[in-house]
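Novice: could you look at this predicted model? Sequence included:
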Amino acid sequence: MAASRTLRIGLIPGDGIGREVIPAGRRILEALPSSLGLKFSFVDLEAGFDTFKQTGVALPDRTVETLKKECDGALFGAVSSPTTATKGYSSPIVALRKKLDLYANVRPVKSVAPSPAYPEPIDLVTVRENTEDLYVKEERTYDTPDGPVAEAIKRISTRASTRIATMAGEIAARRARVRQGLGDGSGKQALVTVTHKSNVLPQTDGLFRSASFAALAQQRFKDAGVKVEEQIIDSMLYKLVLQPAYYDVIVAPNLYGDLLSDTAAALVKSLGLVPSANVGDGFAIGEPCHGSAPDIAGKGISNPIATLRSVALMLDFLDQEEAAAKIYAAVDGNLADGKLLTPDMGGKAKTDEVVEDVIRRRHCLP
Ligand code: ATP
Ligand code: MG
């Protein structure tokens, strides 16, 4: 048995159903088989719109400091966005990504069953650069004789493009390795698609493109069976909707990544299924893709699967692939069985019943 290791995980439920799904994330970690040699300790942390209403601060310093000094990883639930701009409030997860330099947003999307629109299985992951592009938010408006003109800076750096493409290469190499282990007939290859619009923006997107190709040309990726392609973002979105089964790992600058990852999530219908991770060097925050879902908050019917998969994704980035694989397999088992599903999936089960079913299946071998 491997030497026992304890990982300290920050729990940030946030608002709405975040308070229902983050406890589910904690339960699956506590239920992992002891044979993995992994232990967890937890620290409860605050952030979100409720926190802002109570204290005037959306992201308390204690949350940031505790994550930096004590934690190996974290789980983040969801935050409500106020319907009108609220003075002094800005999204705590956006701030956290910045303060912890979580430069990648990784979002795997996997179909549950074949559908008439998508008879082939969808199993792809979007890897979105998270620190620059139009999100540097340097806008200005100036007057001209024809009226005001507004403009925004789109900043693309070699450093940020290189590290995001490297991460995409590593994710693809891991996928190739898993496929090889499964012997599922898919061969050992994995495909990275670099997306951009360098035909219109040869300098900014051109830099993203060339830095990505340079990073992905590393021998270790070739040895792992990683193939690299490129596609212009507009045709990429078109083909993603028509033929999602084609894609494997997609790497994109920030804005295109935003569009891509939401489009990809829509392919599998329920927001309650799609996980994400905010990843930096040596730190990862698992975060379900959905929001705080005020329409179902407090009813105990929110789908916990996006969160359970986000826990697995966090573990992947903390180099705990074996533990992660057990959670993925247990979740897939619950979905394939189809007997205990929450209402968003057409079932009648409560959040807790789904969590218990997944926990029962955690010994499933991947
Ligand atoms: P927010 O402003 O926090 O994003 P929202 O009103 O946009 O809130 P979302 O959380 O984005 O709500 O959800 C959109 C829809 O998807 C809602 O109808 C919600 O009930 C549903 N939904 C989201 N997450 C889940 C989940 N985990 N389980 C079941 N339904 C969900
Ligand atoms: Mg929303």
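Specialist: All right, it came through fine. Bear in mind that the values here come from a model prediction, so they are computed numbers and not experimental data. Residues are numbered from 1 along each chain as shown. Ligands and ions are numbered 1, 2, ... in the order given.
Novice: ok now do the residue in the stretch 101-250 of the chain positioned nearest to ligand 1, which residues does it touch?
Specialist: Residue nearest to ligand 1 within the stretch 101-250 of the chain: residue 112 (14.0 Å; C-beta to the nearest ligand atom). Heads up, the C-betas are built off the backbone N, CA and C, glycines and all. Neighbouring residues of residue 112 by C-beta atoms under 8 Å, 6 or more residues apart in numbering: 268, 273, 335-336, 345.
Novice: hmm, 7 Å instead?
Specialist: Each residue near residue 112 by C-beta atoms under 7 Å, 6 or more residues apart in numbering is listed here: 268, 335.
Novice: look at residue 40 and say how many residues are nearby.
Specialist: 16 (other C-beta atoms under 10 Å).
Novice: actually residue 162, not the one I wrote
Specialist: 16.
Novice: same thing with the one 3 residues further on?
Specialist: When neighbours are defined as other C-beta under 10 Å, residue 165 has 27 of them.
Novice: helix or strand for it, which one?
Specialist: helix 158-182 (DSSP states H and E).
Novice: how about residues contacting the helix or strand just after that helix?
Specialist: Once the chain leaves helix 158-182, the next helix or strand it forms, by DSSP H and E, is strand 190-196. For strand 190-196, the surrounding residues in contact (C-beta under 7 Å, 6+ apart) are 165, 168-169, 172-173, 175-176, 205, 208-209, 212-213, 216, 225-231, 233, 236, 247-253, 256.
Novice: now stretch 276-289
Specialist: Defining contact as C-beta under 7 Å, 6+ apart, one finds that stretch 276-289 is touched by 21, 73-76, 78, 93, 96-97, 100-107, 130, 167, 265, 271, 274-275, 306-307, 310-311, 313-314, 317-318.
Novice: try stretch 333-349
Specialist: 112, 270, 272, 301-303, 351, 353-354, 357-358, 361, 364.
Novice: quick one: the strands in the stretch 251-366 of the chain?
Specialist: Using DSSP state E, counting those that start in this stretch, the strands assigned to the stretch 251-366 of the chain run over residues 277-280, 283-286.
Novice: mind putting those strands in TSV, distance to ligand 1 included?
Specialist: As requested, the strands of the stretch 251-366 of the chain are arranged in TSV below (distance: least, C-beta to the nearest ligand atom, whole Å):
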stretch	distance to ligand 1
strand 277-280	17
strand 283-286	14
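Novice: these: which one's closest to residue 83?
Specialist: strand 277-280 (24.8 Å; C-beta to C-beta).
Novice: send the alpha carbons of the closest one over as PDB?
Specialist: C-alpha atoms of strand 277-280 as PDB (Å, rounded to 0.1, in the frame of the first residue of the first chain):
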ATOM      1  CA  ALA A 277     -11.300  23.000 -12.700                       C
ATOM      2  CA  ASN A 278      -9.300  26.300 -12.300                       C
ATOM      3  CA  VAL A 279      -5.700  25.200 -12.500                       C
ATOM      4  CA  GLY A 280      -2.400  26.800 -11.700                       C
END
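Novice: now do it: distance to the chain's middle.
Specialist: Distance of strand 277-280 from its chain centroid, counting by C-alpha atoms, centre = their mean, to the nearest Å, is 7 Å.
Novice: renumber starting at 29 from here on
Specialist: OK, 29 is where the count begins now, so the last one is strand 305-308.
Novice: for that strand, what is the average pLDDT?
Specialist: Confidence for strand 305-308, expressed as mean pLDDT, is 96.
Novice: just to revisit the earlier point, just the buried subset of the contacts of stretch 361-377, please.
Specialist: 140, 298, 300, 329-331, 379, 381-382, 385-386, 389, 392 (16 or more other C-beta atoms under 10 Å).
Novice: tell me the residue furthest from the middle of this protein?
Specialist: residue 173 (45.7 Å; C-alpha atoms, centre = their mean).
Novice: confirm it sits in a strand?
Specialist: No: Residue 173 sits outside any strand when classified using DSSP: H, G, I helix; E, B strand; the rest coil, being coil.
Novice: can you pull the pLDDT of it?
Specialist: 98.
Novice: would you list the phi and psi of it?
Specialist: Backbone torsions for residue 173, taken as degrees, to the nearest 10, come to phi -60, psi -30.
Novice: from residue 167, how far off is it?
Specialist: 21 Å (C-beta to C-beta, to the nearest Å).
Novice: quick one: contacts of the helix holding residue 193?
Specialist: 131-132, 134, 153, 155, 157, 159-160, 214, 216-218, 220, 222, 235-236, 239-240, 243-244, 246, 249, 252-254, 276-277, 279, 307.
Novice: so where's the chain shaky on pLDDT?
Specialist: 29-31, 210-215, 392-394 (pLDDT under 70).
Novice: can you name the residues of it sitting close to ligand 1?
Specialist: Applying C-beta under 6 Å from any ligand atom, we find that the chain lies next to ligand 1 at 44-45, 106, 108-109, 299-300, 318-324, 330-331, 334, 370, 372.
Novice: what about burial for those, which qualify?
Specialist: With burial judged by 16+ other C-beta under 10 Å, the buried subset of the residues of the chain next to ligand 1 is 44-45, 106, 108, 299-300, 318-321, 324, 330-331, 334, 370, 372.
Novice: which one of these is nearest to residue 80?
Specialist: residue 108 (9.7 Å).
Novice: how about the helices of this protein, start to end?
Specialist: Using DSSP state H, the helices found in the chain span residues 46-58, 77-83, 89-98, 120-127, 186-210, 232-244, 247-252, 261-270, 282-294, 333-345, 349-365, 379-388.
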